[in-house]
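A.B. asks: Just to be clear, the model below is a prediction. Sequence and coordinates:
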Amino acid sequence: MRDAGNFSAPLDFARVRKALDRTGSDFALFGGEPLLSSMEHLDEVFAYGYEKHKKNGIQTNGLLITPAHIDLFKKYNVQVGVSIDGPDSLNRARSTDYETDCIINNIRDLTCERVSTSLIVTIHLLNYREIDRLLYFFSEMESYGIKWINLHNLEVDNQETDESLYLGNDMNFDAFSRIYDYSKGGEVTFQPFLDINNLLTKTKPQTSCIWGACDPITTPAVHGVDASGNLTNCGRTNKDGINYLKASGVSSTERYQALARTHWDHGGCKDCDYFFVCKGQCPGTAIDGDWRNRTQDCEFWWSLIAYQRLDLVKNGVEVLDLDKANRDFLQAMEGNVDYPHGDSPHGDSHGDHTDYAIKLQLVK
């Protein structure tokens, strides 16, 4: 969208309010970087959110947080998600070392002031090659009081910059499995491990984002409101640079019915043991950027799900029968039976804390 020049719009908060009134849902501020907005406008938005829903959310890189922002977060019950990939060199894909130190200090200040704070951490070459330091960083965040960390594998949109950081299936599995082993017994809840656990053990799991069979046409886990007040979808499927307006009506299941019938050699998921868990994963990471295909990270997700399932079995946890779970899932898809989409108390994969996340993009 940036390369296509489609990432700017005139700010019209009156129209945004009308759109939010129609949805009737709480929302989170998203960007770009939403804290580039003025304090006056942030106060206006948060005041509206608190009046309507008694809570707000924001996803930020954490660099621009000041004591005044923290006062605002406390006043309007703002749940803060911070995007950071570790200390100093581990976070250089996002920030300088000095900026990262400032962000970590801001995280500490947020938790000291009892502002609900969570993290999004993208796994890539910079933090994978120092993964022991990343695990120590998680321990430090836990000591601050962080209770929720959402792990992302890197989504490749820009071939020149992203591919130099992309790990591929084997290294992604190594990184995520080591973090999974680290996470056991701790007080921090890690995604995607919680969703995988729920899907492997529960017949009616509550899941977040793509784990609930995201329809790329309606993206039910994410409803965006742009700066002009238009309803939009999750941006991860905008591979052609166009932020399409949200389609009306219920979400469809054609992607999942097709993937279940399409052979692996042709981009599908036919006969995969873990299709009911993975579902071909995020359409925004599909092979060749075409959401009709399964994810390009298929082997990674398959291996991680199998690894976690084996661990559950070893620890005496009852898991679902794979054949029956796949049959039940496909029956739900074919019958358009109501299937839980993005229904997590901590929201979708981008880190905000709403059930059906309204992403309010403050872009001028």
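C.D. replies: Sure, I can see it. The structure presented is a predicted model; accordingly, all values stated were derived computationally and were not measured. Numbers count the residues shown, from 1 in each chain.
A.B. asks: just the strands in this protein please.
C.D. replies: Secondary structure of the chain by DSSP state E: the strands cover 27-30, 56-60, 78-83, 117-123, 148-153, 189-191, 222-225, 231-232, 357-361.
A.B. asks: Could you save the ones you listed as JSON lines and add columns showing mean pLDDT and mean neighbour count?
C.D. replies: C-beta coordinates here come from the backbone N, C-alpha and C atoms, glycine included. Shown next, in JSON lines, are the strands of the chain (pLDDT from 0 to 100; neighbours: other C-beta atoms under 10 Å):
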{"stretch": "strand 27-30", "mean pLDDT": "92", "mean neighbour count": "26"}
{"stretch": "strand 56-60", "mean pLDDT": "97", "mean neighbour count": "27"}
{"stretch": "strand 78-83", "mean pLDDT": "98", "mean neighbour count": "24"}
{"stretch": "strand 117-123", "mean pLDDT": "97", "mean neighbour count": "23"}
{"stretch": "strand 148-153", "mean pLDDT": "96", "mean neighbour count": "22"}
{"stretch": "strand 189-191", "mean pLDDT": "96", "mean neighbour count": "20"}
{"stretch": "strand 222-225", "mean pLDDT": "84", "mean neighbour count": "25"}
{"stretch": "strand 231-232", "mean pLDDT": "85", "mean neighbour count": "18"}
{"stretch": "strand 357-361", "mean pLDDT": "49", "mean neighbour count": "26"}
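A.B. asks: contacting residues for Q257?
C.D. replies: L330, M333, E334 (C-beta atoms under 8 Å, 6 or more residues apart in numbering).
A.B. asks: Listing request: residues of the protein with sub-threshold pLDDT.
C.D. replies: Scanning the chain for pLDDT under 70 picks out 7-9, 158-162, 249-250, 336-364.
A.B. asks: where exactly do the helices run in the stretch 251-364 of the chain?
C.D. replies: 254-261, 275-278, 298-314, 322-334 (DSSP state H, counting those that start in this stretch).
A.B. asks: on that earlier part again, which one, of the strands of the chain, ends up nearest to P67?
C.D. replies: strand 78-83 (13.9 Å; C-beta to C-beta).
A.B. asks: So what are the sheet partners of that closest one and their directions?
C.D. replies: strand 56-60 (parallel), strand 117-123 (parallel) (DSSP bridges).
A.B. asks: Look up how far W211 lies from K239.
C.D. replies: Per C-beta to C-beta, to the nearest Å, K239 is found 21 Å from W211.
A.B. asks: One more: S118?
C.D. replies: S118 is 17 Å from W211, by C-beta to C-beta.
A.B. asks: quick one, phi/psi of the residue located most distally from the centre of the chain?
C.D. replies: Relative to the mean C-alpha coordinate of the chain, counting by C-alpha atoms, centre = their mean, the farthest residue is G316 (29.9 Å). In terms of degrees, to the nearest 10, the main-chain angles of G316 are phi 80, psi 20.
A.B. asks: now it: how far from D323?
C.D. replies: Following C-beta to C-beta, the distance that separates G316 from D323 is 22 Å.
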